[in-house]
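>>> no FASTA, just this:
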């Protein structure tokens, strides 16, 4: 029955559905600009609602404007959830998020075409504001769904035009008054999210499907180095308090840490599965003048690893580097975000694995590999609520958050087939 | 006779003259904002012209709007030149430049009061655009005076409002049509520039006067590191092309060079006299986002040393560091400015030394020290034309280019006394 669902996935229909949504915010360079709750996003939402209704779904919405497209089951049990998000970065691609939502609707179309009735309802979700580029933080919809108390804080988030998220949300909800309101944190039987990898692992392994075993833990730090702004020509080296010299010394200690960590991890199954990933991405230098000694340098550290103990060690190393290279008063380290690792349960992985194996085999493609996600996804927060898993398809060149983001159409169809198998199997499983 | 000139310097008159000029562009925080050829600078020029005429000077101007206030000598020999500049940084202090011009006029007032007639004429100059903050580069007036061919290039320099330097210059010259035009690169007998130190050496030595032996050589480089912008979470360390990791490694190599250079130089007379000074002051990071691997990092290197051979070695070390840490195609080093060291002639130093010794002794203050200038000054270019020297007075806390720039009034008066002695002696010297 799961196989029958899988076989009824229609490639051309999925391709057409992806192209239709990509027109909302579509750019000449092939990218998509559809930030959350903008007029374009609201139009895309109306398009999705119409598409779901045409498939016979009931459309529902919650207090964070997450949209649920529900195909009833034989019994009113907690549903099987799939889906992703329809918002994009300021300049994003056609598939980041949109693919998971539309593949979910394709699964419903396939079940309809195959005449399959499931035990449990199936819901396809389109989460609000996964990207976090207009209103921070990201994954607002899914994290508020998992823990509704978060919504009050999120409502106060303000975009660059000074618009509150709460006001944008209320406008979106008011425009959806024909849609049934449902509570957040509703019981769900299970959740599977299909997404593009946004990294290079599957492409390098030359396989179309990946079973995502979990999502890396992440910690974000701000390192503020204070010095004394002074003339580059007149200030002897011995009396300088050069904020950049301190920042560079700390950064060098950190970079020295990361290759060592990588060398220490020996997971042959996935390149760098337990490696420490370090990014010093955002720098502010004051006064930022050729002939003035920097008086203040601030940089961010993004640390990720599937192993939280590795992040404990990396954080200790960061704090040690700061005290090694400057008096404590000159360097302030602030951890401004952290999230522990997500491990998807083995039973869910086994289910996804079977689905991916069959889809690959039928297509004569390489067997799926297991990998971890370096990026956040809505599934990360849904995993707090119910058994969850993810399926990845390759990203060409590992490129994402970019108009050049791309995935072969054949891979996109295979991903939807694996999703159909998994969702159908989960939706027929007895409680 | 030089002593008599020195003794006729009038402290209160100098202090009042400094306060009067500081009103042009004076700020509530005590700083001065008087960028070159602005309306405020033009008003300050008119004020200086009136002050000089009241002292009996003939006022003259050249093609770069450098103003010359001339006190005739007994014979029409090449004059002794003193002075500095009256323009400031966007937020500067009361003394950077202005002090040298007004102390020059005080010397003329002292000679008048003492009834001294000199063999040679004395000219007090106010150079145009020393700061270079509105129109780049700096020291335009003095460098064009020394080498008039430079002016054609300077005229094309454009400020942030899109105004050409050439147009601003022509307007200033048109407004000075009552002033005699004189050629640039005129023969000068000698030049002495009095300036605040803008560094911490004199304050640390607790002496009021410094004999400047020369000006450090300087080289400016732009180091452009190219990487590949990618997701901080999804991109394994092994496949990253992290532009910041490369930039930090190069920077660390450079910083390691500077303390070694300092340790190797053993000039007890002046702290760090032959040390290498390195400043990595200006950084641009793209896309400068917490969770994106930097795709491009550009930083500047300001290298200074009195010893040009040391700068040759430092430049070679910079280029080596770049090839060590990245493929040649990923790092581009551009030297975008350089100037060799300036050594003031010993005869001029001896003259300045005598003047500073007597001024200090009469005031019961510590004997002058010899030091080099880390900052550029107009004297650097005038030295290409005639025997030149400089006198420094202390800067509190070494602070300059800042509203907090300050020097004790007693030190300012001592500097003017030393200048009067030197100028009078040079102006009475037979050809």
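Here it is on my side, so go on. Remember, predicted model here, so these are calculated numbers, not experimental data.
>>> those strands in the stretch 1-150 of chain A, which residues are they?
In the stretch 1-150 of chain A, the segments counted as strands under DSSP state E, counting those that start in this stretch are A:58-61, A:67-71, A:80-85, A:122-127.
>>> Check residue A:91 and give its pLDDT.
We have a pLDDT of 88 for residue A:91.
>>> Report how many residues lie close to it.
Each residue near residue A:91 was counted by other CB atoms under 10 Å in any protein chain shown, and the total is 17. For the C-beta atoms, the positions are set from N, CA and C on the backbone; glycine is no exception.
>>> is it possible to export the strands of the stretch 1-150 of chain A to JSON lines including mean neighbour count and mean pLDDT?
As requested, those are exported to JSON lines (neighbours: other CB atoms under 10 Å in any protein chain shown; pLDDT from 0 to 100):
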{"stretch": "strand A:58-61", "mean neighbour count": "18", "mean pLDDT": "98"}
{"stretch": "strand A:67-71", "mean neighbour count": "24", "mean pLDDT": "98"}
{"stretch": "strand A:80-85", "mean neighbour count": "29", "mean pLDDT": "98"}
{"stretch": "strand A:122-127", "mean neighbour count": "28", "mean pLDDT": "98"}
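>>> chain center to the helix or strand of chain A with the lowest mean pLDDT, what's the gap?
One helix or strand of chain A scores below all others by mean pLDDT, DSSP states H and E: helix A:243-264, with a mean of 82. Remark: helix A:243-264 is offset 27 Å from the chain centroid, using CA atoms, centre = their mean, to the nearest Å.
>>> still on that earlier bit, for the strands of the stretch 1-150 of chain A, which one sits closest to chain B?
strand A:80-85 (15.7 Å; CB to the nearest CB).
>>> Name the residue of the stretch 301-431 of chain A that lies nearest to chain B.
Nearest residue of the stretch 301-431 of chain A to chain B: residue A:374, at 3.3 Å (CB to the nearest CB).
>>> could you show me where the helices are in chain A, in order?
For chain A, helices defined by DSSP state H occupy the ranges A:2-7, A:11-22, A:39-54, A:98-114, A:140-146, A:150-154, A:165-174, A:201-205, A:243-264, A:308-325, A:346-362, A:378-382, A:409-428.
>>> Give me the angle between the fourth one and helix A:409-428.
To tie it back to what came earlier, the one meant is helix A:98-114. Helix A:98-114 runs at 60 degrees relative to helix A:409-428, counting by axes from the mean of the first three to the mean of the last three CA atoms, to 10 degrees.
>>> Provide a list of residues in contact with residue A:286.
Listed by CB atoms under 8 Å, 6 or more residues apart in numbering or on different chains, the contact set of residue A:286 reads A:229, A:294-297.
>>> closest to residue A:91 among the residues you listed?
Using CB to CB, residue A:297 is the member of the contacts of residue A:286 that lies nearest residue A:91, at 28.7 Å.
>>> what bridges to that closest one?
residue A:225, residue A:285 (DSSP bridges).
>>> Name all residues that make contact with it.
Contacts of residue A:297 by CB under 8 Å, 6+ apart are A:224-225, A:227, A:243-244, A:246-247, A:283-286.
>>> Can you go through those residues and name the buried ones?
Buried members of the contacts of residue A:297, scored by 16 or more other CB atoms under 10 Å in any protein chain shown, are A:224-225, A:227, A:243-244, A:246-247, A:283, A:285.
>>> right, and the pair among those with maximum separation?
Farthest-apart pair in those is A:227 and A:283; separation 14.4 Å (CB to CB).
>>> What about residue A:205, how many residues nearby?
Burial of residue A:205 is recorded as 17 neighbouring residues (other CB under 10 Å).
>>> ok, it touching residue A:369?
Yes. Using CB atoms under 8 Å, residue A:205 is in contact with residue A:369, at 5.2 Å.
>>> What about the closest residue to residue A:279 other than its chain neighbours? Give its phi and psi, please.
Counting by CB to CB, 6 or more residues apart in numbering or on different chains, residue A:279 lies nearest to residue B:232, which is 3.7 Å off, once chain neighbours are set aside. When read as degrees, to the nearest 10, the backbone of residue B:232 gives phi -60, psi -30.
>>> And the pLDDT for residue B:232?
Value listed for residue B:232 in the pLDDT field: 91.
>>> number of nearby residues for it?
By other CB under 10 Å, the residues close to residue B:232 number 27.
>>> I figured it was touching residue B:294, is that so?
No. Counting by CB under 8 Å, residue B:232 stays clear of residue B:294, with 9.9 Å between them.
>>> Now do the same contact list for the closest residue in space to residue A:5 that isn't next to it in sequence.
Among residues not flanking residue A:5 along the chain, residue A:424 sits closest, at 3.8 Å (CB to CB, 6+ apart). Contact analysis of residue A:424 by CB under 8 Å, 6+ apart lists A:1-2, A:4-6, A:107, A:111, A:116, A:118.
>>> Only the buried members of the residues you listed: can you turn that into a PyMOL selection?
The following PyMOL line selects those of the contacts of residue A:424 that are buried, judged by 16+ other CB under 10 Å:
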select buried, chain A and resi 2+4+5+6+107+111+116+118
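>>> which of the contacts of residue A:424 lies closest to residue A:79?
residue A:118 (9.4 Å).
>>> Distance check, the closest one against chain B.
According to CB to the nearest CB, to the nearest Å, residue A:118 stands 33 Å off from chain B.
>>> Now do the phi/psi pair for that residue.
phi -100, psi 160.
>>> how near is the closest residue to it other than its chain neighbours to residue A:79?
Nearest non-adjacent residue to residue A:118, counting by CB to CB, 6+ apart: residue A:427, 3.7 Å away. Distance of residue A:427 to residue A:79, given as CB to CB, to the nearest Å: 8 Å.
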